[in-house]
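Engineer: I need the structure of the sequence given here:
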Amino acid sequence: MKNAQHLLATIAAIIVLAFFSVALTNCKTREKAGETFEETLTKAEQGETDTDVETPHKAKKSDPEKTFEETRAKAEQGDAEAQYNLGRCYYKGEGVEKNEIEAVKWFRQSAEQGFAEAQYNLGRCHYLGEGVEKNDLEAVKWSRKAAENANANGQMLYGYLWANGEGVEKNEIEAVKWFRQSAEQGEEGGQYFLGESYAEGKGVEKNEVEAVEWYRKAAVQGLASAQFELGMCYCTGKGVVKNEIEAIKWYRRAALQGYAESLLSLGLSYDKGEGVKKNDLLAYQWYLLASAKGNETARENVSAIEAKLTPKQRAEGQRLATEWQAAFEKRKTKK
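Structural biologist: Here you go, the predicted structure:
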């Protein structure tokens, strides 16, 4: 089972891809040689409407009209939902300075009253060691309470702990049970982990077709790891008819979230001319971006391809990658 990139939402699925190096072609203009962030976004959005997936599940949001002071007043009066919302304010630094210790305090007060979302968040904080010392047993305790209260996030976390034997004896069948309950409520993390279980045959009979369906449900909701895995399924033809163009579409969507393995996969695709027209400068650009995320395979590919470039070509590729990353950071800040 792969580890969570940020637990229960984004998963770091590290897949080492084979290196295939080629000579860099000479491109005279920036527009033809490189790919801007905006161009990636446009290409990723092409064919955005999928007819074979469910409508994305929308998370329940707090009332935006409640001010921090109003929330705190209700929380101090013992309102469980307000206590949870106050914990979120402290956790995210909304309306008040970020304070994870204070967040845990309010999550706990709400959780002890049986508020399921607070139980999940308290379990999550114990698992990650945020605002409190890391404690897998406490993570199991509170995620179980949330799961039994039918909280989809809690079910996913509880299943994850079973799958990895953290705070509880490892049991992949039990993990799948909770992943399924989470997934059927539309939680993208549960959908992703259920897809992983089917793909790897852990806790359930291996079924690549079923894996693709659960990856797709999570991918259409925007989970980068699921988008990458779905792209890999299309690239390799596992559980779905092989379609390298479709693979590129999903790689791009994950790349727009900075997902390193998709950045690498785009580099390899341009390197080999699979699903896209072969373009070595674009391959170099994507390798640089993936390498900056710490991907070792990309770093090796950068070193190999640089040996084939002129100083001018290397400078151009580095500029393109820098500009792409700057646009990515700017867009992320606006969200």
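Engineer: wait, what's in contact with the closest residue to G190 other than its chain neighbours?
Structural biologist: Once flanking residues are discounted, G190 sits nearest to S182: 2.7 Å by CB to CB, 6 or more residues apart in numbering. Every C-beta, even on glycine, is put in place using the N, C-alpha and C of the backbone. With contacts taken as CB atoms under 8 Å, 6 or more residues apart in numbering, S182 has the following neighbours: A152, N153, Q155, M156, G159, G189, G190, Q191, F193, L194.
Engineer: G267 now?
Structural biologist: Per CB under 8 Å, 6+ apart, neighbours of G267: L282, A283, Y284, Q285, W286, Y287, L289, A290, A298, N301.
Engineer: swap the cut-off to 10 Å and go again
Structural biologist: Contact analysis of G267 by CB atoms under 10 Å, 6 or more residues apart in numbering lists 17, 251, 255, 282-291, 295, 297-298, 301-302, 305.
Engineer: Work out for me the element the residue nearest to G190 sits within.
Structural biologist: Assigned by DSSP states H and E, S182 falls within helix 172-184.
Engineer: Check T297 too.
Structural biologist: Assessed by DSSP H and E, T297 sits inside helix 296-306.
Engineer: which other helices and strands contact that helix?
Structural biologist: helix 260-272, helix 280-292, helix 311-334 (3 or more CB pairs under 10 Å, 6 or more residues apart in numbering; DSSP states H and E).
Engineer: Disregarding residues adjacent in the polypeptide, which is nearest to E38?
Structural biologist: A327 (7.0 Å).
Engineer: Count the residues that sit near that neighbour.
Structural biologist: Using other CB atoms under 10 Å, the number of residues around A327 comes to 15.
Engineer: how near is it to G258?
Structural biologist: 12 Å (CB to CB, to the nearest Å).
Engineer: my guess is S303 contacts Y287, does it?
Structural biologist: Yes. Using CB atoms under 10 Å, S303 is in contact with Y287, at 9.4 Å.
Engineer: Save the contacts of S182 as TSV, and put in pLDDT, distance to G317 and neighbour count too.
Structural biologist: Below are the contacts of S182 laid out as TSV (pLDDT from 0 to 100; distance: CB to CB, whole Å; neighbours: other CB atoms under 10 Å):
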residue	pLDDT	distance to G317	neighbour count
A152	98	43	27
N153	97	41	26
Q155	98	45	29
M156	97	40	33
G159	98	43	31
G189	96	36	28
G190	97	40	28
Q191	98	37	31
F193	98	37	33
L194	98	39	31
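Engineer: Would you point out the most distant pair within those?
Structural biologist: N153 and L194 (14.3 Å; CB to CB).
Engineer: what's the burial count for I173?
Structural biologist: I173, neighbours per other CB under 10 Å, totals 12.
Engineer: Look up how far N151 lies from it.
Structural biologist: Distance from I173 to N151, by CB to CB: 21 Å.
Engineer: mind listing the strands for this structure?
Structural biologist: For the chain, strands defined by DSSP state E occupy the ranges 4-6, 10-11.
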